[in-house]
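Peer 1: sequence isn't available, so here's the structure alone:
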């Protein structure tokens with residue numbers, strides 16, 4: 001378990017299969033965080049549920065218990081081979097229902113463990129869960145459980161994060177990751193992006209080139225004609241770059257670049273940003 005500040009979390013109990021923390025953040029009530037690992041042997045699985053039941057006092061306060069439980073709540077959480085027997089499902093369900101815990105919905109890949117990837121014996125199971133009490137949910141009303149779905153292990157990590165409100169604007173600093181240098185196309189991508197988007201706000205550049213084109217258009221001398229063609233080419237290239245810029249942000253990739261749909265892409269990107277914001281919820 002890691003914490004930014006030691007005073008924010010204190011260990012109040014642990015075993016080979018769990019670690020329990022009491023956390024305190026300024027401005028919030030205390031709450032418990034329990035990291036859990038279920039017995040891998042099915043015949044020993046009841047020990048896991050008995051251990052959870054021993055946390056009875058914790059359940060009276062805000063509580064989040066998460067980790068690899070080595071069990072599923074339903075056979076819908078499994079794909080491939082034989083189903084889990086009812087006695088395994090019911091024993092797990094009973095301990096969760098006993099504490100009235102909420103199983104957070106998993107965003108991303110629905111499975112957290114796999115075996116035999118790409119073979120006819122491929123098995124995928126959701127073993128990772130985050131269960132929370134109603135009191136905990138009242139503290140963290142905007143929370144999300146996600147599965148990045150990539151790992152060097154046969155297990156995928158799960159991430160619980162407190163999502164920000166739509167009106168919380170945060171400026172994120174760009175940080176270059178040295179690992180990117182190992183990518184075979186890293187240099188090419190950086191070069192093309194640098195050339196294409198060195199000036200993201202291309203409106204000023206377009207306006208100046210448009211004015212220059214208007215001045216040179218009716219001139220017939222060789223120097224003006226040469227400058228006209230050069231500026232016109234740059235003008236069209238800037239338009240194309242602008243289109244690509246908004247196309248990338250609109251995510252409407254089914255439209256081909258080259259159709260000069262910059263206004264459409266800009267509108268779509270703006271609408272998508274609005275759709276991703278939840279302004280209010282009506283009870284009905």
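Peer 2: Arrived safely, thanks for sending. Since this is a predicted model, take the numbers as computed values, not measurements. Numbers count the residues shown, from 1 in each chain.
Peer 1: how about the nearest residue to residue 74, chain neighbours excluded?
Peer 2: Sequence neighbours aside, residue 89 is the residue nearest to residue 74 in space, at 6.7 Å (criterion: CB to CB, 6 or more residues apart in numbering). Where you see a C-beta, it was placed from the backbone N, CA and C, and this is true even at glycine.
Peer 1: any idea of the mean pLDDT in the helix or strand the one you found falls within?
Peer 2: Using DSSP states H and E, residue 89 sits in helix 86-98. Mean pLDDT, helix 86-98: 92.
Peer 1: adjacent strands (with direction) for the following helix or strand past that helix?
Peer 2: As assigned by DSSP H and E, the chain's next helix or strand after helix 86-98 is strand 102-103. Strand 102-103 has its sheet partners listed here by DSSP bridges as strand 128-132 (antiparallel).
Peer 1: got the angle for the strand it pairs with vs helix 86-98?
Peer 2: 30 degrees (axes from the mean of the first three to the mean of the last three CA atoms, to 10 degrees).
Peer 1: strands along this structure, start to end?
Peer 2: 9-14, 18-23, 31-37, 63-68, 78-79, 102-103, 106-108, 113-115, 123-125, 128-132, 143-147, 159-162 (DSSP state E).
Peer 1: picking up where we left off before, pull out the buried positions in the helix holding residue 89.
Peer 2: 88, 89, 92, 93, 95, 96 (16 or more other CB atoms under 10 Å).
Peer 1: circling back to that earlier point, export the strands of the chain to JSON lines and tack on mean neighbour count and mean pLDDT?
Peer 2: Below are the strands of the chain laid out as JSON lines (neighbours: other CB atoms under 10 Å; pLDDT from 0 to 100):
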{"stretch": "strand 9-14", "mean neighbour count": "13", "mean pLDDT": "85"}
{"stretch": "strand 18-23", "mean neighbour count": "18", "mean pLDDT": "90"}
{"stretch": "strand 31-37", "mean neighbour count": "20", "mean pLDDT": "92"}
{"stretch": "strand 63-68", "mean neighbour count": "21", "mean pLDDT": "93"}
{"stretch": "strand 78-79", "mean neighbour count": "16", "mean pLDDT": "90"}
{"stretch": "strand 102-103", "mean neighbour count": "14", "mean pLDDT": "89"}
{"stretch": "strand 106-108", "mean neighbour count": "16", "mean pLDDT": "86"}
{"stretch": "strand 113-115", "mean neighbour count": "16", "mean pLDDT": "87"}
{"stretch": "strand 123-125", "mean neighbour count": "18", "mean pLDDT": "91"}
{"stretch": "strand 128-132", "mean neighbour count": "22", "mean pLDDT": "92"}
{"stretch": "strand 143-147", "mean neighbour count": "17", "mean pLDDT": "87"}
{"stretch": "strand 159-162", "mean neighbour count": "12", "mean pLDDT": "86"}
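Peer 1: can you lay out these as TSV showing distance to residue 186?
Peer 2: Formatted as TSV, those follow (distance: least, CB to CB, whole Å):
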stretch	distance to residue 186
strand 9-14	38
strand 18-23	39
strand 31-37	36
strand 63-68	34
strand 78-79	36
strand 102-103	41
strand 106-108	26
strand 113-115	29
strand 123-125	32
strand 128-132	32
strand 143-147	27
strand 159-162	26
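Peer 1: which residue packs closest to residue 17, ignoring adjacent ones?
Peer 2: Using CB to CB, 6+ apart, the closest residue to residue 17 is residue 37 (5.0 Å).
Peer 1: my guess is that neighbour contacts residue 18. True?
Peer 2: Yes - with contact defined as CB atoms under 8 Å, residue 37 reaches residue 18; the gap is 7.1 Å.
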